[in-house]
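Peer 1: the following block contains a protein sequence and its predicted model.
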Amino acid sequence: MSEEFKVEIINPEKSFLVKDDVSEVVVPAFEGEMGILKDHISIISFLKPGIIKILSKSGDENYYVEDGIVEFKNNNLSILTSTIFNLADLDKSKQQDLLKEAEEEANKTDINDQSKYLADQKVEVLKTLN
Amino acid sequence: MASLDDLKKRIASVKSTQKITKAMKMVAAAKLRRAQESAEKGRPYSEKMNNVILNLSNGISDKENAPKLLSGTGQEKTHLCVVMTSDRGLCGGFNSNIIKKAKSYFAKILDEGKELKIIIVGSKGNDQLKRVYGDKIIENISFKESKNANYFDADKVGKMVIEKFEAGEFDVCTIFYNQFKNVITQIPQAQQIIPLNNEGEESSSEESYEFEPDEDEILSNLLPKNISTQIFKAMLENSASEQGSRMSAMDNATRNAGEMVDKLTIEYNRSRQAAITKELIEIISGAESL
């Protein structure tokens, strides 16, 4: 029996990625990293800034996301996100830009706790990438 | 009758106008393809988003304490209307159709004695509305610099709407845009986005989800995003509609110019012939009198 399921990443402009030979996906859910395997229970959760790891037969892929929603249902995993980058395509200068932006946001004083937390997360994740 | 020279000039000018409208039609056709493509590509996102929210709002346990973006403020006193129009003209009835739809809605609201606030996206709408509803317009945004509709712009509008909602500036929010059906048909739409109107839509599956964290928290995170998504969808539909409408308008203009050239050419030939005949008669009668 195959242990594979389908994953689809959608951003507002287009369908970003569709893969149907995925064995495991690790998403940075709001309350901690979450690994999803085949026949997981239907779940809806949202993402914090972090790395999505997609493990499949045709090779592993890593993506950096800033926000989003995941929905898993009938062995279909949909990830809706507005900001996503393939780590393989993300070069150093782009990374630095993102980091700078995130740091600026994190240093703002007039934001609420939650956006502060998210901005801190962003900085942390981007730092570990370097 | 106009002189031969005048006719010649008019034919030349109509011909050059025809060239312009023809070129505009071509450009609109090329842009339409792109806009239509991105509208189609953008659809899965908003559909999925709607689906998730539908599932969530069905699963929500405590309807009383649901987020305000979903259930509304409990009153309907102040209406905010976001009217989405184009930045460029020469696109047929595109803008007027939206404005007409919006105006009839405005009139209804004002008749009911409710308060009205307007946000206009696109400069053409502002031109048409500022005379009558100038004092009701609170914002006017234009994305002239952006070539295509992008999510970043939509998010800006969405954030502004939410900010105003949280500040208690309005109770109900409706967006106006043209839905793209095909090149000749665009349907002006009024869509209520706050509070979210899900009536009539029942979730197809009764499947229960696991939520992490709980429903309320996800919903309160998701709803603001949904506003931006809906606005983005409207922008995509709008840009496809704009190009479609421009294309058919320019097609008509090109055809009309062609007809005009034909008519003028006939008139030109007739008067040329008349002049020749007149000269001939003069010469012959002159010769005869000798």
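Peer 2: In hand now; what should we look at?

Peer 1: any weak-confidence spans in the stretch 51-200 of chain B?
Peer 2: Along the stretch 51-200 of chain B, the model assigns pLDDT under 70 to residues B:59-65, B:197-200.

Peer 1: which bits of it sit near chain A?
Peer 2: B:51-52, B:55-56, B:150-151, B:154-155 (Cβ under 8 Å from any Cβ of the partner chain). To be clear about C-beta, it is placed using only N, CA and C from the backbone, and glycine gets the same treatment.

Peer 1: report the two of these separated the most.
Peer 2: Pairwise distances across those (Cβ to Cβ) peak at 28.1 Å, for the pair B:Asn55 and B:Asn150.

Peer 1: tell me the one of the residues of the stretch 51-200 of chain B next to chain A nearest chain A?
Peer 2: B:Tyr151 (4.1 Å; Cβ to the nearest Cβ).

Peer 1: list the contacts of the nearest residue to the closest one once chain neighbours are set aside.
Peer 2: Spatial nearest neighbour of B:Tyr151, excluding adjacent residues (Cβ to Cβ, 6 or more residues apart in numbering or on different chains): A:Pro12 at 4.1 Å. Contacts of A:Pro12 were listed using Cβ atoms under 8 Å, 6 or more residues apart in numbering or on different chains, and they are A:82, B:42, B:45-46, B:151, B:154, B:229, B:232.

Peer 1: care to break chain A down by domain?
Peer 2: Domain assignment of chain A by automatic domain parsing yields the ranges A:5-86, A:92-129.

Peer 1: and the last one, anywhere near chain B?
Peer 2: No - figure legend: domain A:92-129 not in contact with chain B (Cβ under 8 Å from any Cβ); closest approach 8.8 Å.

Peer 1: A:Ser42 and B:Arg34: what is the separation?
Peer 2: 37 Å (Cβ to Cβ, to the nearest Å).

Peer 1: I should have written B:Val161 there, sorry.
Peer 2: On the measure of Cβ to Cβ, B:Val161 and B:Arg34 end up 27 Å apart.

Peer 1: which of those two has more residues huddled nearby?
Peer 2: B:Val161 (25 against 14; other Cβ atoms under 10 Å in any protein chain shown).

Peer 1: can I assume the more buried one sits in a helix?
Peer 2: Yes - according to DSSP: H, G, I helix; E, B strand; the rest coil, B:Val161 belongs to a helix.

Peer 1: just list the residues touching it, thanks.
Peer 2: B:Val161 sits in contact with B:80, B:82, B:119, B:173, B:193-194, B:227, B:231, where contact means Cβ under 8 Å, 6+ apart.

Peer 1: can I get those residues in a markdown table with secondary structure, neighbour count and distance to B:Asp111?
Peer 2: Formatted as a markdown table, those follow (DSSP: H, G, I helix; E, B strand; the rest coil; neighbours: other Cβ atoms under 10 Å in any protein chain shown; distance: Cβ to Cβ, whole Å):
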| residue | secondary structure | neighbour count | distance to B:Asp111 |
| --- | --- | --- | --- |
| B:Leu80 | strand | 23 | 18 |
| B:Val82 | strand | 26 | 21 |
| B:Ile119 | strand | 22 | 21 |
| B:Cys173 | strand | 25 | 19 |
| B:Ile193 | strand | 22 | 23 |
| B:Ile194 | strand | 25 | 22 |
| B:Ile227 | helix | 24 | 27 |
| B:Ile231 | helix | 27 | 27 |
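
Peer 1: hang on, the earlier thing: more neighbours: which of B:Asn55 and B:Asn150?
Peer 2: B:Asn55 (22 against 16).
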